[in-house]
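> Provided below for reference: sequence and predicted model.
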Amino acid sequence: MSSNAAVSSAPATSARAPRVLISVLNYRSVDDTVVAVRSLQKQDYQNFRLQVLDNASPDDSVPRVRAQLPDVDIRVTVENLGYCAGNNTALRQGLAEGCDFVIVCNQDIEVAPDAVRRLVETAASHPDAGVVGAVELCHFTDTVRATRGAGFSLWTGRSIWSEELPADEMLLRARYVQGALVLFTRRALEAGVFMNEDLFMYGDEADLGFQLARAGLKAYVDARVIVRHKNRTKYYNSRAGYLHQRNRVYMVHRYGKWYHRVGFHLIVGLVELPVKVVVRTMQGRARFAWACVLGYADGVMGRTGAARATSL
């Protein structure tokens, strides 16, 4: 193990352990959410409070989750806030309640019983930590999906992920971390580092990286913590196509220089997007192609947040 990976492995006692809020963001899910919560209930860390935050699911998932998890606090938002604003609700709650750390989780994950303890150890032992993440494995194939965010291309508007997992390092520096399970430190929240609600969802991880850099804080990945994520890639989903395209424009406009913006629109607007529209339409996916065009147009015009995203 390298010198920068030295972290304690002794369990923290509740009498002196930092206070943690763990929030699982739920939307129209029952079985996966129950599995995620039960894995979090088995943590060997003591000083935490666990809740489910439902993002105004329009079905009967909330009463069904309550029936299986009667002892878990379930909160429901008044409307679908999206991934970013939904998680921000929990982050602001934890900050207001005086928590030292807030962990936000997807509904479709599983973690080992030592996950929270190790994340807290890493965050507590690094005063410059803004967020701490984990290594993400595909639940279905056991392959590494990502270890850490390595950068963001302001020419193409795409995140750059590393799947490399060094054998001799348990603590990895990152530009940003995977969003399936993220620990936010109180210092980050007090510095105003939250998920960007303009994005609604997608692209939020890289955006956090830019925010952390501006706040003088860092992102770490504790490679001892493995998150098994059930995320299935949804190819040609109209909402995902719209949001990915819109948020790519947003990120380049927000963080890029004028020459990045010019290069991006030459590459994407004049080449990539027209080719995508032709190819997807010929494949019988005209709705997806049109959603991408709308996303690009809305990004150029500065339409953000839930605009159009919830109607696709």
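All right, it came through fine. As the structure is a computational prediction, the values presented were derived from the model and not from experiment.
> low-scoring stretches of the stretch 151-300 of the chain, by residue?
Along the stretch 151-300 of the chain, the parts satisfying pLDDT under 70 run over 232-235.
> can you map out the helices along it?
In the stretch 151-300 of the chain, the segments counted as helices under DSSP state H, counting those that start in this stretch are 186-190, 204-215, 238-255, 258-264, 273-282, 286-301.
> against residue 63, how distant is residue 70?
11 Å (CB to CB, to the nearest Å). Heads up, the C-betas are built off the backbone N, CA and C, glycines and all.
> which residues are in contact with each of the two?
Common neighbours of residue 70 and residue 63 are not found (criterion: CB atoms under 8 Å, 6 or more residues apart in numbering).
> so where do the strands sit in the protein?
Here the chain has its strands, by DSSP state E, at 20-26, 48-54, 73-76, 101-105, 109-111, 129-138, 144-146, 148-153, 158-162, 171-174, 181-185, 218-229.
> show me what the fourth one is packed against.
With contacts defined as 3 or more CB pairs under 8 Å, 6 or more residues apart in numbering; DSSP states H and E, strand 101-105 has these neighbours: strand 20-26, helix 82-96, helix 115-124, strand 181-185.
> what pLDDT does residue 141 get?
Per-residue confidence (pLDDT) for residue 141: 75.
> any idea how far residue 110 lies from residue 161?
In terms of CB to CB, residue 110 sits 21 Å off from residue 161.
> who does the closest residue to residue 75 other than its chain neighbours form a beta bridge with?
Spatially, and ignoring its direct neighbours in sequence, residue 75 is nearest to residue 53 (5.2 Å; CB to CB, 6 or more residues apart in numbering). Under DSSP bridges, the beta-bridge partners of residue 53 are residue 25, residue 75.
> who are the contact partners of the residue nearest the centre of the chain?
The centre of the chain sits closest to residue 179, judged by CA atoms, centre = their mean, with a distance of 2.2 Å. By CB under 8 Å, 6+ apart, residue 179 lies in contact with 83, 106, 133, 204, 205.
> farthest-apart pair in those residues, please.
Farthest apart among the contacts of residue 179 by CB to CB are 83 and 133. That separation is 15.7 Å.
> higher neighbour count, the two?
Neighbour count, other CB atoms under 10 Å: between residue 83 and residue 133, residue 133 has more, with 29 against 22.
> so who does that one touch?
Taking CB under 8 Å, 6+ apart, we find residue 133 in contact with 148, 174, 177, 178, 179, 181, 182, 183, 219, 220, 221, 222.
> which non-adjacent residue is nearest it?
Nearest one to residue 133, counting by CB to CB, 6+ apart, is residue 177 at 2.6 Å.
> for that neighbour, give its distance to residue 202.
15 Å.
> give me the more crowded residue out of the two.
Neighbours per residue (other CB under 10 Å) separate residue 177 from residue 202, with residue 177 holding more: 29 against 22.
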